[in-house]
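Engineer: Below are the sequence and a predicted model for it; my questions follow.
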Amino acid sequence: MRLAQLAKLIQAQCTAAPDINVVGVASLLKADSQHISFFSNSALQAQLNKTQAAAVIIKPEQQHLSPVPCLLMADPYLGYGRCMNVFYSPPKPVAFIHPTAWLNPNARIGKNVYIGAKAVVGAANIHDGVYIGEACVISDGVVLGAGSRLLKNVTLMNDVCVGQDAIIHPGAVIGADGFALANDHGQWLKIPQIGTVIIGNQVEIGANTTIDRGALDNTVIEDGVKLDNQIQIAHNVHIGQHTAIAACVGIAGSTRVGAYCTIGGGVGMVGHIEVVDNVHITGGSVVLQSILEAGVYSSGSPLQKNRLWRKNYSHMKNITQMAKDLKTLKESPLNPASSPLNQKDSL
Amino acid sequence: MRLAQLAKLIQAQCTAAPDINVVGVASLLKADSQHISFFSNSALQAQLNKTQAAAVIIKPEQQHLSPVPCLLMADPYLGYGRCMNVFYSPPKPVAFIHPTAWLNPNARIGKNVYIGAKAVVGAANIHDGVYIGEACVISDGVVLGAGSRLLKNVTLMNDVCVGQDAIIHPGAVIGADGFALANDHGQWLKIPQIGTVIIGNQVEIGANTTIDRGALDNTVIEDGVKLDNQIQIAHNVHIGQHTAIAACVGIAGSTRVGAYCTIGGGVGMVGHIEVVDNVHITGGSVVLQSILEAGVYSSGSPLQKNRLWRKNYSHMKNITQMAKDLKTLKESPLNPASSPLNQKDSL
Amino acid sequence: MRLAQLAKLIQAQCTAAPDINVVGVASLLKADSQHISFFSNSALQAQLNKTQAAAVIIKPEQQHLSPVPCLLMADPYLGYGRCMNVFYSPPKPVAFIHPTAWLNPNARIGKNVYIGAKAVVGAANIHDGVYIGEACVISDGVVLGAGSRLLKNVTLMNDVCVGQDAIIHPGAVIGADGFALANDHGQWLKIPQIGTVIIGNQVEIGANTTIDRGALDNTVIEDGVKLDNQIQIAHNVHIGQHTAIAACVGIAGSTRVGAYCTIGGGVGMVGHIEVVDNVHITGGSVVLQSILEAGVYSSGSPLQKNRLWRKNYSHMKNITQMAKDLKTLKESPLNPASSPLNQKDSL
């Protein structure tokens, strides 16, 4: 592909060499004269100086830093993302059913559907262009929207509904029972879960992520939500559109997370709370109450050398007493701030 | 089913309309005139006002709040759970072995056992009424007690023993090696694990949960334990009966958790500690020492706006110095509490 | 095996009974007269007193505590590990391909390779002595080094490269896409991931652990790294040799962890940081910045009774104000430490 043609596709401005041929994308140091690279992190200036790339996607105001032709964009990382999609989008599936796959005779299979080795497809409704990789298990009543891609070894339980162009990575389990127990004189009574999981369009679900089915109503993942690996979404959670959640997050039952949020890795949220739109929570935080105002939120205590942490740890237990002592001292008549008699000049 | 008949089954008192017909359970707003609903959360009063349900399970003292007939119970959530079991218990399996399943010729298969597509069953002992869903892998030497249900894609390693009426959700891995390493001059020597996992009756194990086999002796999960999704139970852990553990909990090796405990989501516990019976740990806590007294325990720091948290974060590192400074001030001769000379009336 | 022969194999000194026969290893209380046991935890003195073992591996200076013959070693736990490998190493696989496995005709299969029931092997390069358990999915382009063991239900995505003698436990997913998104006017653009995962020799990977493929370059796990269950390793992470990581750890993208580190359970690390060699991080810590000095590090707040924690929790929010107040008091003219006028003797 000519550089000028690529610039047009990614909506960048080409500064030079519009006719050179580019065949792919590489990092600054690994790119050769047929690769595009990008510069969005100033810490990589030394790498930029050495790059052999055909061209570099860069902010207009940093153009002078580049030793090679530039594709100018306000957000070079977005430009990089667009280039990757130009060169490396997965091919559209062609109609293929592996002889070792097993399909329920009542399964409805659209056009250009790929079903890999050892896959099991129940009485499900599989729309056009769906890719079902090796060893996936698709249960009865599932709906897979057009263009969805289930990589290998994905498990969808009964009646789970997936929108168009979803991507689900290996080991994900969608639609297992929510964790619902009633206490009956000290023993736990399991409560059957009759809701399901409704997943919108363009949703991505990471490896070994679990999304439980609803108790009575449904668990809902709206359009454009992106979930990383090893996330746990409990029953009746509702995630608003275009929210992105990093790995190892756990969200307890019936919590509602708004749209356009970002949740950092390892965050935990209790159940039955509400997080409004445009909330950003940094990694490792624990959310015990609703967040009703957009903004950036954090919790957690600082990493320290173990020896110091052990000391601080013991004092953290006493912070209530420290606060009381401090209050007493502040209010003491000898504190100049609390008593007019105790000014310096009165001594 | 007649309402009076249902009331009897769930041990509730029917206040009206004993002869109306009910066919299922729904949430307050979705219930129609053939559905039961329940009211156990006062925040849903507005929904109760609008409900079209045939009847509502409710506490006797809240009976006047309901616009429809009532089933009176001290614990409406328990009543809801019982109703769900009346209407939605999974059917008992009938004898069926899918032609694509593979069974070791030495497998012992009881009566009314269901084995789904692509399942692999080694030389295991499968008791009556067991359900083994699609793509499950049951290794040699496994014992599955009567009535156990392994949903799809469950992996049981050699010699794992599961009691009666267990439920194991997809992606769970029971009996993988414990993480056992001896340090041999900087390199790690893997230590083979020859114990197994012993699981009691009526245990539930969530999706993608892992329970490691014991090193020499066994990992033990007692009767009635309920484990949510994505839990990690290390080798030689012992969980006492009727303890319930929420998602994303990790328990390190050889720790003993007592009976009738509840462990909130995301809790971490170090190894080789003991937690006595009737301990309740709130979500996100980290347990670094034994808990030898029943009660409710917590750790964690508050969620804050990121800007404030950053400030507080730096001060948390200095809390030991703050405590020292405070002590010095308290003990100063000018502190009225520490010195008789410094009383207000002496000024 | 004669005791003296075992002593030689594990490099211990046999104090007595060199000719007795030993057949295996057991814990102190379960060992009978043909079992070896070990004593490395002083808390088990009462068990040592009662042991019926043929011999006990023990430190030379504790030899007098043992009621039975001793195998003396400075590190009895290492001796135990060596014994376990003597008696319980898995047998080397013999050539076997289960009739229900499916192999791509272009797969290259070495000598003495075992492929279990329902396994799927793409156009991969499988070296000698590899064990591929039931229901594993090995994608095109994968390389499995000699002697590697993939227990059941492991998923390796395209082009993942595994060194010699690796062990990968069930449910692990290696080489799924990294979580890479560019924000395009509020919506997320998925960025294809064209790197892979390179895994060294003697690496162990736990059940349900996920290791993502690199974005442009590779994710790298060096020789001798040991990963427990349910770990998440993001794209382009680099783990140095002989580092051991306990369960439930999450490491975000592009972070480099050095060699000979130990990372406790449940630790979280943000992306794009560096942790040098010989760093040890205790369980439950959150790492938000690079660690550039070897040592032991921790974070986290103390577990407390819930009632006390609630009080302390509110004060933790105000620690910045507390620090300011404390500074004001310290600098007050009435504080003897801050003002020469306010010395005790001036009163």
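Structural biologist: Nice, thanks for sending it over. These numbers were taken from a predicted model, which means no experiment stands behind them. Numbers count the residues shown, from 1 in each chain, chains lettered A, B, ... in the order given.

Engineer: Show me what the lowest-mean-pLDDT helix or strand in chain A packs onto, helices and strands only.
Structural biologist: Of all the helices and strands that make up chain A, helix A:319-331 has the lowest average by mean pLDDT, DSSP states H and E, namely a mean of 88. Packed against helix A:319-331 by the contact rule (3 or more CB pairs under 8 Å, 6 or more residues apart in numbering or on different chains; DSSP states H and E) you find helix B:319-331, helix C:306-316, helix C:319-331. Quick note: C-beta positions are derived from backbone N, CA and C, even for glycine.

Engineer: Dump those helices to CSV, plus mean neighbour count.
Structural biologist: As requested, the helices and strands packed on helix A:319-331 are exported to CSV (neighbours: other CB atoms under 10 Å in any protein chain shown):
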stretch, mean neighbour count
helix B:319-331, 18
helix C:306-316, 18
helix C:319-331, 18
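
Engineer: Between the ones you listed, which one is closest to B:A294.
Structural biologist: For B:A294, the closest of those is helix C:306-316, at 12.2 Å, according to CB to CB.

Engineer: check whether that closest one contacts chain B.
Structural biologist: Yes: Helix C:306-316 reaches chain B (CB under 8 Å from any CB of the partner chain) through C:N306, C:R307, C:W309, C:R310, C:Y313, C:S314, C:M316.

Engineer: what helix or strand is the nearest residue to the second one once chain neighbours are set aside on?
Structural biologist: Pointing back at C:R307 there. Counting by CB to CB, 6 or more residues apart in numbering or on different chains, B:V296 is the residue found nearest to C:R307 once chain neighbours are left out, at 7.7 Å. Element membership of B:V296 [criterion: DSSP states H and E] is strand B:295-298.

Engineer: okay, that strand in CSV with CA atoms only?
Structural biologist: Listed in CSV are the C-alpha atoms of strand B:295-298, where the atom choice follows Å, rounded to 0.1, in the frame of the first residue of the first chain:
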residue,chain,number,x,y,z
GLY,B,295,-17.2,-11.5,64.4
VAL,B,296,-17.1,-9.2,61.5
TYR,B,297,-13.8,-8.1,60.1
SER,B,298,-12.6,-5.6,57.5
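
Engineer: For it, enumerate the helices and strands it packs against.
Structural biologist: Contacting strand B:295-298 under the criterion 3+ CB pairs under 8 Å, 6+ apart are the following elements: strand B:279-281, strand C:304-305, helix C:306-316.

Engineer: Report the mean confidence score over the last one.
Structural biologist: Just to be clear, that refers to helix C:306-316. Confidence over helix C:306-316, taken as the mean pLDDT, stands at 91.

Engineer: Can you name the residues that contact the residue nearest to the spatial centre of chain A?
Structural biologist: Compute the mean C-alpha point of chain A, and by CA atoms, centre = their mean the closest residue is A:I245, 3.1 Å away. Residues counted as contacts of A:I245 (CB atoms under 8 Å, 6 or more residues apart in numbering or on different chains) are A:V225, A:K226, A:L227, A:D228, A:I231, A:I239, A:T262, A:I263.

Engineer: Excluding chain neighbours, what is closest to it?
Structural biologist: Nearest in space to A:I245, with sequence neighbours left out and distances taken as CB to CB, 6+ apart, is A:I263 at 4.4 Å.

Engineer: Also A:Y313?
Structural biologist: When the adjacent residues along the chain are set aside, A:Y313 lies closest to C:P302, with 5.3 Å between them (CB to CB, 6+ apart).

Engineer: count of residues packed around that neighbour?
Structural biologist: As a burial measure, C:P302 scores 22 neighbours (other CB atoms under 10 Å in any protein chain shown).
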